[in-house]
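Asker: Using only what follows, build the 3D model:
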Amino acid sequence: MGLARSFQNLLLVLALSSAAASGEASRRFWVENDTFWKDGAPFQIVGGDVHYFRIVPEYWKDRLLRAKALGLNTIQTYVPWNLHEPEPRSWEFKGFTGIESYLRLAHELDMLVMLRVGPYICGEWDLGGFPPWLLTIEPAIELRSSDSTYLSLVDRWWGVLLPKVEPLLYSNGGPIIMVQIENEFGSFGDDKNYLHYLVEVARRYLGNDIMLYTTDGGAIDNLKNGTIPQDDVFAAVDFDTGSNPWPIFRLQKKYNLPGKSAPLSSEFYTGWLTHWGESIATTDASSTAKALKRILCHNGSAVLYVCHLSLFISAFHLHFLSIILFLNEICIQMAHGGTNFGFYNGANTGQNESDYKADLTSYDYDAPIKEYGDVHNAKYKALRRIIHECTGIPLRSLPPEIERASYGLVKLQKVASLFDVIDNISDPLKVAFSEQPLSMELMGQMFGFLLYVSEYQEKHSSSILSIPKVHDRAQVFVSCSHGVLRNPRYVGKIERWSSKTLQIPNLSCSSNVSLYILVENMGRVNYGPYIFDQKGILSSVEIDGIILHHWKMHPVSLTAPGNLSKLQPIIQMTDAQASEVSIYGDSENKLHDVSFYLNEGISEEPAFYEGHFHIDSEFEKKDTFISFRGWNKGVAFVNNFNIGRFWPAIGPQCALYVPAPILKLGDNAVVIFELHSPNPELTIKLVKDPDFTCGQ
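Answerer: Next comes the predicted model:
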């Protein structure tokens, strides 16, 4: 092992001498003789995926330093279009979207960057990174295609993004050595004109010196459909740790130009994603390290690139000497996963679009650098040891551990039922009326929840509600249209992945029945043929086979949940109030309504709950997790920051990560939007450690 490494070092010295003598040692990164070169010398990439948009900006430097201490010299990150252009021509490049600051920080830390600019990124991110307003365009555009309208919008987006990227290219003094276009397109389609157009736009803004690359699965059809070597675009492959890399690399070479096929698999999975309702996905540290060693230490020479997996067999000529080195570039997916804060988690489908599975809020991914930055785990230590053993990269000191705190139990109180405050939290300019239900996107409600309201005439027996197509989860409520209480009764749910009918009991109303359907967008599909994933009610709604018309739709705004306590107080119906109901006219039916609500379901309602905890000093402000054991399903906010979705009723995630920068000295407010019944104790617990054991 030592002799092989010494021999390799000798070759690198010879390469440097040769390059310097020929005047090639300028600031440049390229591929030649099936080898990656940087500044005139063969270069070993050791990289990892660290996504800026899944980390609070205050922790960007910390996570990059932990990646560097793992042995990495390169990071890889996607650029999600939907974060940077949330509305047409409305651009965001600050805070979580401060990509230029992130890239400059990587440069300051002497780390190179492989940038995946899309426009489609996948990444277990909502709609694969596409802005959902693309789904509102009429006639409907064809995503990831040569559709002229789609291409014009991509051109507009890249016309803003790429000029910001261009000064940060390696040849211009920055950290970016490679730029990926699209992502795994060969698994989706074969529209070569689309790929050629992306290359044309990229070259227009970035020039001809930057190395562009594609990534596709290591199979013939994927590479045939997704690569464009004639445009001088490098073709990388990806595959899992159980695959034999060498036959795949031989196949990869057929889809690169001669001499330009340094074998690179850009996704090496140290873990895997998890959907709600599944057991948490994990990979054994020892077996992962062994798989990595088989790649990095093959024939005693290796280049580790930790971001998604990347392996290289590099051949280069030094004057009279022709030597083949097995330089194995590895990208670990993920080096650090992070968190799907807010509503940005993605989702997957199976055989059809109804076979829907949403991703967790946590994107820990069982990565070596944990969601909360921990590196004192078996996987990090094992991979760090292998990287050092196979590449000779010196071990750096680990950054100090980020401390976490348990703030204990926090008592909450109910602030309001959703139905109490719906008029206050729905922008009156966005409330709409329509004969048929409209999608969330057409309502301008790109994320979260939309409340649909209509009426129907009640029969003497129960009724059957049918919603053939709802994305993704509908909670159904009913009340008499002129009942005594505001809050409707919960009668059940209709989910995208299960039954599409629901029995509604007879209410014995003297008037029509009001029907309320609260629909949750649980995250758009980010991969596969069903990516055009609109949300809300996407079909007619029927009661006993009769289509309902005359819909009123309320977008549910959750931008400032901390202000809910300033709205109208909750009105509790007491026995005394019930006794004051008028005995005239239809008093019998009204009294029946009151009894019905008091006894049969008033607690099963979407409602807001608020609690507070105090931090006395800066020293006490530390990372924490909020445990939602005993709660059902909903969304949580800390100091008006959306920390994500919770669903302990099915698990496996029980607790949500709260980074210290979200907290503040003094009073800290937690607001929970619970969709069903709350924890009977009305408490949450702030704890030190994550918990992935709910619903087991």
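Asker: Beta-bridge partners for the closest residue in space to residue 520 that isn't next to it in sequence, please?
Answerer: Of all residues not flanking residue 520 in the chain, residue 473 sits nearest, at 4.6 Å (Cβ to Cβ, 6 or more residues apart in numbering). For every residue, glycine as well, the C-beta is placed using N, CA and C. Under the criterion DSSP bridges, residue 473 forms beta bridges with residue 495, residue 520.
Asker: Next, the contact list for residue 473, please.
Answerer: Contact analysis of residue 473 by Cβ atoms under 8 Å, 6 or more residues apart in numbering lists 493, 494, 495, 496, 519, 520, 522.
Asker: thinking the fifth one is in contact with residue 538, fair?
Answerer: No. Using Cβ atoms under 8 Å, residue 519 is not in contact with residue 538; the gap is 9.8 Å.
Asker: more crowded one of those two?
Answerer: Set side by side, residue 519 and residue 538 show more neighbours around residue 519, with 29 against 18, by other Cβ atoms under 10 Å.
Asker: circling back: please enumerate the shared neighbours of residue 519 and residue 538.
Answerer: Between them, residue 519 and residue 538 share these contacting residues under Cβ under 8 Å, 6+ apart: 470, 471.
Asker: one step back: would you list the contacts of residue 473 in CSV and tack on distance to residue 439 and pLDDT?
Answerer: Output for these, formatted as CSV (distance: Cβ to Cβ, whole Å; pLDDT from 0 to 100):
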residue, distance to residue 439, pLDDT
493, 19, 96
494, 16, 97
495, 17, 97
496, 14, 97
519, 10, 98
520, 14, 98
522, 15, 98
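Asker: would residue 436 count as being in a strand?
Answerer: No. Counting by DSSP: H, G, I helix; E, B strand; the rest coil, residue 436 is not part of a strand but coil.
Asker: Which residue, neighbours along the chain excluded, lies closest to it?
Answerer: Leaving out its chain neighbours, the residue that sits closest to residue 436 by Cβ to Cβ, 6+ apart is residue 540, at 6.4 Å.
Asker: tell me what the helix or strand hosting residue 555 is packed against?
Answerer: Using DSSP states H and E, residue 555 sits in strand 551-556. Packing partners of strand 551-556 (3 or more Cβ pairs under 8 Å, 6 or more residues apart in numbering; DSSP states H and E): helix 418-425, strand 432-434, strand 449-456.
Asker: So the chain: which segments form each domain?
Answerer: Domain assignment of the chain by the TED database yields the ranges 46-310+329-391, 403-417+559-574+602-695, 436-549.
Asker: Might you calculate how far stretch 234-248 sits from the centre of the chain?
Answerer: Taking Cα atoms, centre = their mean, to the nearest Å, one finds the center of stretch 234-248 at 25 Å from the center of the full chain.
Asker: how long is that stretch from one end to the other?
Answerer: Taking Cα to Cα, to the nearest Å, the first and last residues of stretch 234-248 lie 15 Å apart.
Asker: Also stretch 523-533?
Answerer: Counting by Cα to Cα, you get 9 Å between the two ends of stretch 523-533.
Asker: if you average pLDDT over it, what comes out?
Answerer: Mean pLDDT, computed over stretch 523-533, is 97.
Asker: coming back round to it: what residues sit buried inside the strand holding residue 555?
Answerer: Across strand 551-556, burial judged by 16 or more other Cβ atoms under 10 Å covers 551, 553, 554, 555, 556.
Asker: got CSV for those residues, with pLDDT and distance to residue 660 too?
Answerer: Formatted as CSV, the buried residues of strand 551-556 follow (pLDDT from 0 to 100; distance: Cβ to Cβ, whole Å):
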residue, pLDDT, distance to residue 660
551, 98, 44
553, 98, 39
554, 97, 36
555, 97, 32
556, 96, 29
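Asker: Output those residues as JSON lines; include the columns distance to residue 368.
Answerer: Below are these laid out as JSON lines (distance: Cβ to Cβ, whole Å):
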{"residue": "551", "distance to residue 368": "50"}
{"residue": "553", "distance to residue 368": "46"}
{"residue": "554", "distance to residue 368": "45"}
{"residue": "555", "distance to residue 368": "41"}
{"residue": "556", "distance to residue 368": "39"}
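Asker: Which one of the residues you listed is nearest to residue 88?
Answerer: Nearest to residue 88, judged by Cβ to Cβ, of the buried residues of strand 551-556 is residue 555 at 17.9 Å.
Asker: Leaving out sequence neighbours, find the closest residue to the closest one.
Answerer: Excluding the flanking residues, the one nearest residue 555 by Cβ to Cβ, 6+ apart is residue 445, at 4.0 Å.
Asker: And residue 506, by the same measure?
Answerer: If the residues on either side of it in the chain are set aside, residue 506 comes closest to residue 462, at 5.6 Å by Cβ to Cβ, 6+ apart.
Asker: Just to check, that neighbour is in contact with residue 504?
Answerer: Yes. With contact defined as Cβ under 8 Å, residue 462 reaches residue 504; the gap is 6.1 Å.
Asker: Please identify which of these two sits among more neighbours.
Answerer: residue 504 (22 against 13).
Asker: I figured the more buried one was touching residue 478, is that so?
Answerer: Yes. The pair residue 504 / residue 478 is scored as a contact, 5.9 Å apart, by Cβ under 8 Å.
Asker: Show me the common contact partners of those two, please.
Answerer: Common neighbours of residue 504 and residue 478, counting by Cβ under 8 Å, 6+ apart, are 491, 513.
Asker: which stretches of the chain form helices?
Answerer: Under the criterion DSSP state H, the chain carries helices at the ranges 2-21, 60-70, 81-84, 99-108, 148-165, 192-206, 220-226, 245-253, 285-296, 378-391, 418-425, 575-579, 587-599.
Asker: Burial check on residue 466, number of neighbours?
Answerer: Residues near residue 466, counting by other Cβ under 10 Å: 17.
Asker: before we move on, what about residue 238?
Answerer: 24.
Asker: Now it. Nearest residue, chain neighbours left out?
Answerer: Nearest residue to residue 238, sequence neighbours excluded (Cβ to Cβ, 6+ apart): residue 267, at 3.7 Å.
Asker: hang on, the earlier thing: determine which two of the contacts of residue 473 are furthest apart.
Answerer: 494 and 522 (13.4 Å).
Asker: Point out where this protein drops to low pLDDT.
Answerer: Low-confidence segments of the chain (pLDDT under 70): 1-25, 240-242, 268, 270, 295-333, 483-486, 565-603, 696.
Asker: Nearest approach to residue 359 belongs to which of the helices of the chain?
Answerer: Within the helices of the chain, the stretch nearest residue 359 is helix 81-84; the backing value is 15.2 Å (Cβ to Cβ).
Asker: what's the offset of that closest one from the middle of its chain?
Answerer: Centroid displacement of helix 81-84 relative to its chain, using Cα atoms, centre = their mean, is 12 Å.
Asker: Show me what it is in contact with.
Answerer: Helix 81-84 is contacted from outside by 53, 91-93, 96-97, 99, 118-119, 121, 125-127, 129-132, 157, 160-161, 344, using Cβ under 8 Å, 6+ apart.
Asker: same thing with stretch 410-425?
Answerer: Stretch 410-425 has contacts (Cβ under 8 Å, 6+ apart) with 451, 477, 486-488, 516, 518, 554, 556-558, 564-565, 567-571, 605-613, 670-673, 678, 682-686.
Asker: Out of the helices and strands packed on strand 551-556, indicate the one that is most buried.
Answerer: Comparing these by mean neighbour count (mean count of other Cβ atoms under 10 Å), strand 449-456 ranks first with a mean of 22.
Asker: quick one: residue 397 and residue 68 touch, right?
Answerer: No. If you go by Cβ under 8 Å, residue 397 and residue 68 don't touch, sitting 10.3 Å apart.
Asker: residues touching the residue nearest to residue 555, list them.
Answerer: If you count contacts by Cβ under 8 Å, 6+ apart, residue 445 has them with 430, 536, 555, 556.
Asker: Quick check: of these, which lies closest to residue 436?
Answerer: Of the contacts of residue 445, the one sitting nearest to residue 436 (Cβ to Cβ) turns out to be residue 536, at 11.4 Å.
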